[in-house]
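A.B. asks: I would like to see how this sequence folds:
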Amino acid sequence: MWKRRVVVGGTFDPLHDGHKRLLKQAYELSGSDGEIVIGITSDRMVKANKTRLVLPFRVRAANLAQYMYREYQVRVRTVELNDRYGMTLNEDVDYIVISPETYDVALQINELRRARGRKPIKIVKVEHAKAEDGKPISSTRIKAGEIDKHGHLLV
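C.D. replies: Below you'll find the predicted structure:
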């Protein structure tokens with residue numbers, strides 16, 4: 001049994017410095033005996049919501065697991081997200097690590113948990129990693145060729 005469970009979610013393609021901030025925070029919160037659960041947007045959800053090409057779920061999940069093991073020597077549980085909430089409504093979770101644009105989703109999760117008689121999850125908001133131009137690093141900007149994964153300007 002894990003002492004602490006930390007969740008983080010996203011599409012994670014490509015894996016960039018902003019994602020790495022979220023993952024580092026999840027690692028730090030999990031402690032030496034915690035579990036990190038990474039919810040990864042399903043291929044079905046990507047097709048419904050994204051206008052850009054995204055690697056298949058299995059590849060993104062493998063990339064994240066490899067990164068977390070290489071960077072922090074931890075094994076993570078990856079789960080497929082078929083909706084905005086994933087396993088957060090039904091499983092015990094201590095922390096949810098989010099970026100500013102997903103704060104409202106975390107609040108919705110806690111509302112739904114309360115309605116189900118579950119305790120709320122502690123929300124930990126991580127500010128965006130900024131590119132050289134002061135704007136947030138994002139997958140959309142990377143795929144558009146504006147910046148690289150570290151926020152260096154390409155245009």
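
A.B. asks: Distance of residue 24 relative to residue 71?
C.D. replies: Per Cβ to Cβ, to the nearest Å, residue 24 is found 8 Å from residue 71. (Each C-beta comes from the backbone N, C-alpha and C, glycine too.)

A.B. asks: Settle it for me: which of the two has more neighbours?
C.D. replies: Counted by other Cβ atoms under 10 Å, residue 24 and residue 71 do not tie: residue 24 has more neighbours, with 15 against 12.

A.B. asks: which residues sit against the host helix or strand of the more buried one?
C.D. replies: Per DSSP states H and E: residue 24 is located in helix 17-30. The contact list for helix 17-30, computed with Cβ atoms under 8 Å, 6 or more residues apart in numbering, reads 4-8, 10, 12, 36, 38, 64, 67-68, 71-72, 74, 94-95, 97-99, 124, 126-129, 136-138, 149-151.

A.B. asks: and those, which are buried?
C.D. replies: Taking 16 or more other Cβ atoms under 10 Å as the criterion, what is buried in the contacts of helix 17-30 is 5-8, 10, 12, 36, 38, 64, 67-68, 72, 74, 94-95, 97-99, 124, 126, 128-129, 136-138, 151.

A.B. asks: Which ones among those residues lie within strands?
C.D. replies: If you go by DSSP state E, those have 5, 6, 7, 8, 10, 36, 38, 95, 97, 98, 124 in strands.

A.B. asks: And the closest residue to the third one other than its chain neighbours, how far from residue 115?
C.D. replies: Which is residue 7. Once flanking residues are discounted, residue 7 sits nearest to residue 37: 4.6 Å by Cβ to Cβ, 6 or more residues apart in numbering. Using Cβ to Cβ, residue 37 is found at 22 Å from residue 115.

A.B. asks: ranges for the helices of this protein?
C.D. replies: Taking DSSP state H as the test, the helices found in the chain are 17-30, 43-49, 57-72, 103-115, 139-143.

A.B. asks: how about the CA coordinates for the helix-or-strand element of the chain with minimal mean pLDDT, as PDB?
C.D. replies: Every helix and strand of the chain was ranked by mean pLDDT, DSSP states H and E. The lowest is helix 43-49, at a mean of 89. Written as PDB, here are the backbone C-alpha positions of helix 43-49 (Å, rounded to 0.1, in the frame of the first residue of the first chain):
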ATOM      1  CA  ASP A  43      -5.900   8.300 -28.800                       C
ATOM      2  CA  ARG A  44      -9.700   8.700 -29.100                       C
ATOM      3  CA  MET A  45      -9.700  11.900 -27.000                       C
ATOM      4  CA  VAL A  46      -6.700  13.300 -29.000                       C
ATOM      5  CA  LYS A  47      -8.500  12.700 -32.300                       C
ATOM      6  CA  ALA A  48     -11.700  14.400 -30.900                       C
ATOM      7  CA  ASN A  49      -9.900  17.500 -29.500                       C
END
